[in-house]
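Give me a model of this one.
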Amino acid sequence: MIERLAVRNFKAFSNCTAGFTPLTLVMGENGIGKSTLAQAILLSKQMLASTDAVPDVLPLNGPLVHIGNGFDALRQNAEDERIFVDLDIDGEELTWEADYLGGSDALPLRFGQTNGIAALRSTRIRYLSAERVGPQLIAPYSQSEASRSVVDERGTNAFGLLHYSSDMALDADDARVPSDTVSRSVQALFNHYLSQVSTGAAVAVQDLSEIDSVSATFSFVGQSELPMERIRPTNVGFGLSYVSSVIITCLISKPGDLIIVENPEAHLHTKGQRAITDLLIRTAQAGVQVICESHSRELLYCTRQRVLDQTVSPDLVSVLYVHAVGNGNRGAESWNPLTKPIYELGAVGDNFLEYFGAPTDFIQPVGQ
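Modelled structure (predicted):
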């Protein structure tokens, strides 16, 4: 698990340190730098994937993240022309430093602490960007990619992964398996969580192997006495297609994996936002680390309520609130809103309440 990240002179951040828990909700205004923290993690993973040896070049563009060139990576008005990242993972430390080369997308790279290289290399990271794919009549399917549980950042291959994984089953004691669920198969669990997002919703996937594709259709169980009709995704709307990639990614991830997901609440009604919050919590409880960038009050409030209900440990979740700290710089405040009163954060707490429009009962910690 990634426990801590420090960045210096990277994009919006002059000098920032952030802490992480099994489920971290990254929040803050638009354009404040939330995605930059995820990009620092993805960039670190990407550079190690390029070679089995210790690399001496930092590739800014690759399969996980596309930064651009040195102009894009280095913070404007940086005190020196070096980008620095320090990462704590599984109790080990990894530090690296890259020199600025303006128009280049490959920067000279040096390492400090290297103990964390093996841990980061062995951690499977699945990243879902905010710009996920909408309704598709036909989706790509690669058995090779599906067998390696490769998730496209836009969720393009979500239904292909569902098709490949449909008969696989989670362990009976896995937190993602609700107690009232009859089947532990990925297909059954997928439809269970989809039906929590939209009542009775289910998906069926058809193999179109002759064109390396699959097609998916939706249905809504129990909403009519007539025979169940299959509905093409383009006639259902964006919400269910957007959330499908989040659901399948949560279900196929294994303990020790890391999911980074941006705006899982996109296009969802508040009922659907509560349902996806439940799945994210269960995924973290199953041993998968989740870093979730979100603008949803519903995600935060539902998580807090689960702690009040004593179904979630307060140590499972934290908020990483990214905010301006002057001179165009950004800071990130780690805060457990479930146990710590927000007024202890001073001006940052006031800023958070203004940003979220939080009610007064949100100020006190749980149990007070």
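
Only C-alpha atoms from now on, for both contacts and neighbour counts.
Will do.

how about the helices of the protein, start to end?
34-49, 70-73, 117-122, 143-147, 158-165, 186-197, 238-252, 270-285, 297-308, 347-356 (DSSP state H).

what would those look like in TSV with distance to residue 209?
Below are those laid out as TSV (distance: least, Cα to Cα, whole Å):
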stretch	distance to residue 209
helix 34-49	30
helix 70-73	41
helix 117-122	32
helix 143-147	9
helix 158-165	11
helix 186-197	19
helix 238-252	20
helix 270-285	31
helix 297-308	38
helix 347-356	47
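
out of these, which comes closest to residue 205?
If you check each of the helices of the chain against residue 205 by Cα to Cα, helix 158-165 wins as the nearest, at 6.1 Å.

returning to that earlier point: among the helices of the chain, which is nearest residue 332?
helix 34-49 (8.8 Å).

Restrict that closest one to CA atoms and write it as CSV.
Extracted C-alpha coordinates of helix 34-49, given in CSV (Å, rounded to 0.1, in the frame of the first residue of the first chain):
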residue,chain,number,x,y,z
LYS,A,34,-5.9,16.7,-7.4
SER,A,35,-5.1,14.7,-10.5
THR,A,36,-1.4,15.8,-10.3
LEU,A,37,-0.9,13.7,-7.1
ALA,A,38,-2.3,10.6,-8.9
GLN,A,39,0.0,11.4,-11.9
ALA,A,40,3.1,11.4,-9.7
ILE,A,41,2.2,7.9,-8.6
LEU,A,42,1.4,6.8,-12.2
LEU,A,43,4.6,8.4,-13.5
SER,A,44,6.7,6.5,-10.9
LYS,A,45,5.0,3.2,-11.9
GLN,A,46,5.4,4.0,-15.6
MET,A,47,9.1,4.7,-15.5
LEU,A,48,9.7,1.3,-13.8
ALA,A,49,7.6,-0.6,-16.4
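
what helices or strands is that helix leaning on?
strand 57-59, helix 117-122 (3 or more Cα pairs under 8 Å, 6 or more residues apart in numbering; DSSP states H and E).

most tightly surrounded among those?
Mean neighbour count (mean count of other Cα atoms under 10 Å) peaks for strand 57-59 among the helices and strands packed on helix 34-49, with a mean of 21.

Which neighbours in the sheet does it have, and how are they oriented?
With DSSP bridges as the test, strand 57-59 is paired with strand 106-111 (antiparallel).

May I see the helices of the chain organised as CSV, with mean pLDDT and distance to residue 211 added?
Formatted as CSV, those follow (pLDDT from 0 to 100; distance: least, Cα to Cα, whole Å):
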stretch, mean pLDDT, distance to residue 211
helix 34-49, 94, 30
helix 70-73, 94, 39
helix 117-122, 94, 33
helix 143-147, 87, 12
helix 158-165, 94, 13
helix 186-197, 95, 23
helix 238-252, 95, 21
helix 270-285, 96, 32
helix 297-308, 83, 39
helix 347-356, 64, 47
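
Tabulate the helices and strands packed on helix 34-49 in TSV, adding columns for distance to residue 217.
Listed next are the helices and strands packed on helix 34-49 as TSV, based on distance: least, Cα to Cα, whole Å:
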stretch	distance to residue 217
strand 57-59	39
helix 117-122	36
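
Which of these sits closest to residue 27?
So among these, helix 117-122 is nearest, using Cα to Cα, at 24.4 Å.

can you give me the offset of that closest one from its chain's centre?
19 Å (Cα atoms, centre = their mean, to the nearest Å).

Summarise which helices and strands it is packed against.
helix 34-49.
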